[in-house]
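Engineer: Generate a structure from the sequence data that follows.
(one chain, ligands or ions: 1)
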Amino acid sequence: MIGKPKNARDKLVLPLDVNTMEEAKELVTELKDYVGVFKVGLQLYTSVGPDIIKMIQDEGREIFFDGKFHDIPNTVAKASANLVKQGVTFFNVHITGGSKMISTCLKLARETAKSCGLERPKVLGVTLLTSFGQRTLTEELLINLNIDDYVSQLAKVAKKSGLDGIIASATDVPKIKKDCGDDFIILCPAIRPTWSVVNDQIRVVTPRDAVRAGVDYLVVGRPITSAKDRVSAAQLVLDEMQEALEEVAR
Ligand code: C5P
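Structural biologist: Numbers count the residues shown, from 1 in each chain. Model (predicted):
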């Protein structure tokens with residue numbers, strides 16, 4: 001089980017945002033020496049099913065199942081138990097599902113892992129989707145807080161409910177570390193090297209700045225998967241992360 005990875009490769013998470021097993025296998029085979037964790041989201045899982053987990057395991061890599069569970073406690077706990085049996089390393093739940101949903105999920109995940117002789121996956125909390133802005137929060141959800149305070153409150157609920165970490169924008173890391181402590185795992189999407197295009201991401205941060213800020217896992221997708229030479233792009237990201245790791249260690 002990995003908690004706080006030390007080297008660049010183990011910190012790099014590559015999303016398999018594709019529809020077929022063939023495309024996923026091509027990415028995993030090509031990039032497995034450069035990537036510690038492959039992220040499987042709803043797009044791929046609803047297309048190919050649990051075989052995707054087995055394929056990545058057979059290639060010797062860790063899996064982050066990005067299913068963002070949000071349902072009544074019993075349903076989330078039972079679905080989580082199924083993921084535990086499949087041997088994923090990470091999965092996530094919406095913190096807005098509440099502390100009861102989170103603690104029920106963690107309890108059954110722990111029991112299931114024990115009875116299967118496996119380690120319990122790390123469970124990460126989703127705060128507010130980046131597709132939400134202040135206007136949606138205020139006018140649709142009638143939440144009378146600014147986004148930063150709302151995210152900070154959800155981070156505190158995540159920590160108090162026993163989650164292992166959180167998915168956040170790298171720009172929020174100092175605040176999360178202050179609220180939740182240094183051992184809380186922080187996984188960040190929207191990472192963009194200076195040489196890549198930003199796509200639809202907002203509040204992007206470079207791999208160097210993410211590592212400097214203390215991000216544990218960096219999700220880097222399109223800068224690598226859309227590159228003409230994916231291996232060279234992955235190596236460039238790793239080099240940048242490694243330099244920053246050495247700088248931080250000095
Ligand atoms: O690096 P790239 O933008 O291609 O990464 C996209 C991946 O990161 C997708 O799998 C997406 O679901 C995930 N993600 C995100 N923004 C968030 C949370 C997750 O882009 N706030």
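Engineer: residues of the one helix or strand Leu154 maps to that come out buried?
Structural biologist: For Leu154, the host element (DSSP states H and E) is helix 147-160. Buried residues in helix 147-160, counted by 16 or more other C-beta atoms under 10 Å: 147, 150-152, 154-155, 157-159. (Glycine included, C-beta is placed from N, CA and C.)
Engineer: is it possible to export those to TSV including distance to the ligand and pLDDT?
Structural biologist: Formatted as TSV, the buried residues of helix 147-160 follow (distance: C-beta to the nearest ligand atom, whole Å; pLDDT from 0 to 100):
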residue	distance to the ligand	pLDDT
Ile147	13	93
Tyr150	15	95
Val151	11	93
Ser152	16	94
Leu154	13	97
Ala155	14	97
Val157	18	98
Ala158	15	98
Lys159	19	98
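Engineer: Which secondary structure elements does the helix holding Leu154 sit against?
Structural biologist: helix 99-116, strand 122-126, strand 165-167, helix 173-180 (3 or more C-beta pairs under 8 Å, 6 or more residues apart in numbering; DSSP states H and E).
Engineer: For the protein, which residues are neighbours of the ligand?
Structural biologist: Within the chain, the positions near the ligand by C-beta under 6 Å from any ligand atom are 15, 17, 41, 130, 189-190, 199, 201, 219-222.
Engineer: rewinding a little: just the buried residues of helix 147-160 now: which is nearest Leu31?
Structural biologist: For these, the minimum distance to Leu31 (C-beta to C-beta) is 29.9 Å, reached by Ala158.
Engineer: Would you confirm that Ala113 contacts Val84?
Structural biologist: Yes - at 5.2 Å, Ala113 counts as touching Val84 under the criterion of C-beta atoms under 8 Å.
Engineer: more neighbours, those two?
Structural biologist: It is Val84, of Ala113 and Val84, that has more neighbours when counted by other C-beta atoms under 10 Å, with 23 against 18.
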